[in-house]
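Peer 1: Need coordinates for the following:
(one chain, ligands or ions: 2)
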Amino acid sequence: TALLEAQDVTFSFGATPALRGATVSVAAGEILAVMGPSGSGKSTLLHCLAGILVPDGGTITFAGERLDTLREGTRTELRRNRFGFVFQFGQLVPELTAQENVALPLLLAGTARTTAMSAAREWFGRLGLDGLERRRSGELSGGQAQRVALARGLVSRPQVLFADEPTGALDSLTGEQVMDLLTAAAREQGTSVVLVTHEPRVAAYADREVIVRDGKLTSTVCVL
Ligand code: ADP
Ligand code: ADP
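Peer 2: Ligands and ions are numbered 1, 2, ... in the order given. Here you go, the predicted model:
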């Protein structure tokens, strides 16, 4: 059964339709790759599933409850407590240390600073980042910064991790390291992953692959 589901979702940016009846679901613990050409609506679909954008039509259901009809404050709270995010260009806060960046989702959710910082600390060993806790993002390599961003996405033990081109800014070897760590951590804690990528090699890490074209899901390919 689906943990997270979009049913017949439509969304337009002004006069530009981005989604035209998109239906897709993610099971608990499943890693789903969303592929498709540039401009086909992948990021918009991810933003609708994550409750960042509210669809013009259709429904988003998370754990059996409508997500799209929640009030904005309730949606934001659900996002903070249940979802994690990793983006293409790490998007670390440059003024904060790497460890503070990882602790940020917990701090925003109201966790005490000492608790948040020690939970953040554990991820440095796990992701091969020992000794980099006090660095700022400008003092990290691309691969290190993206592993810090991955730790930030997972630190709250989210039910769903949304990853939008998480390897897009990395060379292929570094990208594979990030995907190895991302999928291992997600499987270990039973986190579902919605992975937007245009790289088949990255999509190969998923349990299942779907393709978006012109704002619709066109075909489903099983990756085994
Ligand atoms: P993809 O992630 O597959 O590249 P997007 O979901 O980013 O596709 O975009 C889908 C369509 O919506 C494209 O035509 C894109 O130009 C348009 N679009 C996306 N974001 C915006 C925005 N903020 N304002 C206007 N149009 C947008
Ligand atoms: P992606 O690589 O995820 O497809 P894009 O390059 O399509 O990302 O978009 C990057 C950002 O620019 C997103 O926040 C998206 O909403 C915005 N964007 C995309 N297309 C447009 C557009 N035509 N007009 C305004 N903003 C856009």
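Peer 1: what's in contact with the lengthiest helix in the chain?
Peer 2: With residue count as the measure and DSSP state H as the assignment, the chain has helix 172-189 as its longest helix. The set of residues that contact helix 172-189 without belonging to it, under CB atoms under 8 Å, 6 or more residues apart in numbering, is 29, 31, 86, 126-128, 142-143, 146-147, 150, 154, 157, 161, 163, 166-167, 170, 191-193, 199, 201-202, 205. C-beta coordinates here come from the backbone N, C-alpha and C atoms, glycine included.
Peer 1: sec struct for the closest residue to residue 45 other than its chain neighbours, please.
Peer 2: Of all residues not flanking residue 45 in the chain, residue 22 sits nearest, at 5.5 Å (CB to CB, 6 or more residues apart in numbering). In three-state terms, and counting by DSSP: H, G, I helix; E, B strand; the rest coil, residue 22 is strand.
Peer 1: Repeat that for the one 3 residues further on.
Peer 2: Using three-state DSSP as the criterion, the local structure at residue 25 reads strand.
Peer 1: pretty sure residue 162 is in a helix, no?
Peer 2: No - according to three-state DSSP, the state of residue 162 is strand, so it is not within a helix.
Peer 1: pretty sure it contacts residue 84?
Peer 2: Yes - Residue 162 sits in contact with residue 84 when judged by CB atoms under 8 Å, with a separation of 7.1 Å.
Peer 1: wait, residue 95 sits on residue 104?
Peer 2: No - distance between residue 95 and residue 104: 11.5 Å, which falls outside the contact criterion (CB under 8 Å).
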